[in-house]
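[1] Following is a predicted model, sequence given first.
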Amino acid sequence: MKEVIMPKFGFTQEDSEIVEWAVKDGDKVEQGDVLAVVTTDKVTMEVEAPESGIVAGIQYKVGDVVLVTKVIAYILKPGETLPAELQAGASKAAAAPAPAVPAALPQAAAPVAANAVKLTPVASRVAAEKGLDTSSIVGSGPNGKITRADVEQFAQTVSNNGNGRIPATPAAKRLAREQSVELKQVPATGPNHRVQAADVLSFVEKNAATVAVPAVQGLAPVQSGTIRTIPFSGMRKTIALNMARSAQTIPAIQLEIDVDMEAMLALHQKAKTRAGEKKVSLTALIVNIVAWALVRNPMLNSQLGETEISLLPDVNIGMAVAIEGGLIVPVIHNADKKGILELAGEINDVSARARQNKLKGNDLDGATFTISNLGMFGIDRFTAIINPPQVGILAISGLKKQFVPDASGAPVLHSLMNMRLSADHRVVDGVVAAQFLADLRRGFESPEEMLL
């Protein structure tokens, strides 16, 4: 018997609310299948089966707020039964008492379709309920297995094709509205030709000149003479408490530089050519150089405790990502050990999943330094607030053209970018912060320096 616990998705997380059960008592599942969807004060995430078996003893119902590490259900192996004392405490959320598991899990009597064995149990049940032919569904699960999400997306596609609507995920539809993009213009890469959030973002980047800047949080203008309220709770309240604690307890020092980006833009173009169809954003190059500079300046990659400063062995860079209702900071782990193309792939993946509320616990945990980039909004310079227990955050602003003197003193037009470092002055002295920024400048203006 295997316990399924409420996972801890963040450093300060204490509980999560169950918003959906994808299974019921008695369902057969395989390791990695989605059991439940839960939401924290920051993000909605999935709880996966820790091993294969039969679901039993679901302990909580939808809407319950559960402390992290509490047991929320059990997975039974062949021949096992749930002890009476555990079954007695099972939640009313279970559709029926958990049955004893037979000595051997039942096998399919005969193949009914070419891909029938590829369906997860939950996906098979949903497909049967909807009367769907699953032979043409493309699976997104491990080894091409068809998941519940694949079946539901296919069902939506079938429905949409009948009324002329474009099949798209909710996140893609929201982004399309915010970016003033028509979904029919966006090439779909999702299962069953469904437009995903990443598709919209890719379309926006390729057509930046004709796409509007996204509206912040999608709020409509306030009507004259009226007061509109929005809840100060959940993610927004958590951000407020963390930022207030940072501003009140951390004596921050701010230093800034303007970096000539001509060499970096040339390298970016080479990286995009090398990557072919794979998207390589300028962010990937920024993360690469910041990680290199952090290795050279370990005080910026540290944490302050009660009695000691811990210099951290891993360089894990958090990237502030705006989502509806606030922002979250997914993490690129061991960024100093990865090349530009590998970083680009991870950044594309985690950014898309962040906007679709599909992050996993490890995506949000363990950041040692944070980058906040507002360049895409045309911001010239800004100050970012340190996210404790980190000791530094780098604010990246937009590219702007400016005349600078060449070797002979003649003015030439170059692209410059402002970078402002906020550092915890209890840990980082001004000269240390200045050296970090000096290394950043070297990395951006002469990328070959990183090879020496």
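    Structure received.
[2] Please settle this for me: is Val412 part of a strand?
    Yes: under DSSP: H, G, I helix; E, B strand; the rest coil, Val412 sits within a strand.
[3] What residues does it make contact with?
    Contact partners of Val412, counting by C-beta atoms under 8 Å, 6 or more residues apart in numbering, are Phe403, Val404, Pro405, Asp406. The way it works is simple: take the backbone N, C-alpha and C, and place the C-beta from them, glycine included.
[4] Please apply the same query to Ser408.
    Counted by C-beta under 8 Å, 6+ apart, Ser408 has zero contacts.
[5] that's a strand at it, yeah?
    No: secondary structure assignment (three-state DSSP) places Ser408 in coil, not in a strand.
[6] Got phi/psi on it?
    phi -100, psi 0 (degrees, to the nearest 10).
[7] Over to Arg355?
    phi -80, psi -20.
[8] if we can go back for a sec, between all of the contacts of Val412, which two are separated the most?
    Greatest spatial distance in the contacts of Val412: Phe403 and Asp406, 10.0 Å, computed using C-beta to C-beta.
[9] count of neighbours near Gly409?
    By other C-beta atoms under 10 Å, the residues close to Gly409 number 6.
[10] How much space separates it from Phe403?
    Distance, Gly409 to Phe403, by C-beta to C-beta, to the nearest Å: 12 Å.
[11] helices and strands of this protein: which one has the lowest mean pLDDT?
    Every helix and strand of the chain was ranked by mean pLDDT, DSSP states H and E. The lowest is helix 170-179, at a mean of 64.
[12] Stretch 266-276: which residues count as buried?
    Residues Leu267, His268, Ala271 are the ones in stretch 266-276 that count as buried (16 or more other C-beta atoms under 10 Å).
[13] Of all residues in the chain, which one is nearest the centre?
    Ala354 (2.9 Å; C-alpha atoms, centre = their mean).
[14] which residues of the stretch 351-452 of the chain fall in helices?
    For the stretch 351-452 of the chain, the helices defined by DSSP state H, counting those that start in this stretch occupy 361-364, 430-445.
[15] again with the chain
    84-88, 121-130, 148-161, 170-179, 197-206, 234-249, 262-275, 282-296, 340-355, 361-364, 430-445 (DSSP state H).
[16] Buried deepest among those, which one?
    helix 282-296 (a mean of 23; mean count of other C-beta atoms under 10 Å).
[17] For stretch 381-399, list every residue counted as buried.
    Buried residues in stretch 381-399 (16+ other C-beta under 10 Å): 381, 384-388, 390-399.
[18] Among those residues, which pair sits farthest apart?
    It's Pro388 and Leu399 that sit farthest apart of these, by C-beta to C-beta, at 30.4 Å.
[19] sorry, back to before: among the helices of the chain, which is nearest His333?
    Closest approach to His333 among the helices of the chain is made by helix 361-364 (7.6 Å; C-beta to C-beta).
[20] Packing partners of the closest one?
    Packing partners of helix 361-364 (3 or more C-beta pairs under 8 Å, 6 or more residues apart in numbering; DSSP states H and E): strand 331-332, helix 340-355.
[21] among the ones you listed, which gets the worst mean confidence?
    With a mean of 88, helix 340-355 has the lowest mean pLDDT of the helices and strands packed on helix 361-364.
[22] pLDDT averaged over stretch 249-264, what's the number?
    Mean predicted lDDT for stretch 249-264 stands at 94.
[23] so how far is it off the chain centroid?
    Centroid separation for stretch 249-264 versus its chain: 25 Å, with C-alpha atoms, centre = their mean, to the nearest Å.
[24] Now tell me what touches it from outside.
    Residues contacting stretch 249-264 (C-beta under 8 Å, 6+ apart): 282, 285, 289, 381, 383, 385-386, 388, 399, 404, 414-426, 428, 430, 433-434, 437, 440-441, 444-447.
[25] First residue to last residue on that stretch, what's the distance there?
    Taking C-alpha to C-alpha, to the nearest Å, stretch 249-264 runs 36 Å from one end to the other.
[26] buried sites along that stretch?
    Ile250, Ala252, Ile253, Glu256, Ile257, Val259, Asp260, Met261, Glu262, Ala263, Met264.
[27] As CSV, those residues with distance to Tyr74 would be great.
    What follows is these, written out as CSV (distance: C-beta to C-beta, whole Å):
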residue, distance to Tyr74
Ile250, 44
Ala252, 48
Ile253, 52
Glu256, 55
Ile257, 56
Val259, 55
Asp260, 60
Met261, 55
Glu262, 60
Ala263, 57
Met264, 53
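[28] What count of nearby residues applies to Lys337?
    So Lys337, with other C-beta under 10 Å, has 11 neighbours.
[29] typo on my end, Pro405
    9.
[30] Look up how far His268 lies from it.
    24 Å.
[31] try Pro389
    As defined by C-beta to C-beta, Pro389 lies at a distance of 33 Å from His268.
[32] now do Leu304
    Counting by C-beta to C-beta - Leu304 and His268 are separated by 35 Å.
[33] Then Gln254?
    Gln254 is 27 Å from His268, by C-beta to C-beta.
[34] Which among the helices of the stretch 351-452 of the chain is found nearest to Ile340?
    Here helix 430-445 is closest among the helices of the stretch 351-452 of the chain (C-beta to C-beta), at 12.3 Å.
[35] just the strands in the stretch 1-150 of the chain please.
    2-5, 15-21, 28-29, 34-39, 44-48, 53-56, 65-67, 71-76 (DSSP state E, counting those that start in this stretch).
[36] TSV please, covering the ones you listed and showing mean pLDDT, distance to Pro231 and mean neighbour count.
    What follows is these, written out as TSV (pLDDT from 0 to 100; distance: least, C-beta to C-beta, whole Å; neighbours: other C-beta atoms under 10 Å):
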stretch	mean pLDDT	distance to Pro231	mean neighbour count
strand 2-5	91	29	16
strand 15-21	83	15	19
strand 28-29	90	35	20
strand 34-39	84	14	22
strand 44-48	79	16	19
strand 53-56	92	34	24
strand 65-67	86	16	14
strand 71-76	92	26	22
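[37] Tabulate the ones you listed (CSV), appending distance to Val321.
    Shown next, in CSV, are these (distance: least, C-beta to C-beta, whole Å):
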stretch, distance to Val321
strand 2-5, 27
strand 15-21, 20
strand 28-29, 31
strand 34-39, 17
strand 44-48, 14
strand 53-56, 33
strand 65-67, 25
strand 71-76, 28
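[38] can you tell which of those is closest to Ala322?
    That would be, of those and by C-beta to C-beta, strand 44-48, which comes in at 16.1 Å.
[39] so what strands line up beside that closest one?
    When pairing is defined by DSSP bridges, strand 44-48 lines up against strand 34-39 (antiparallel).
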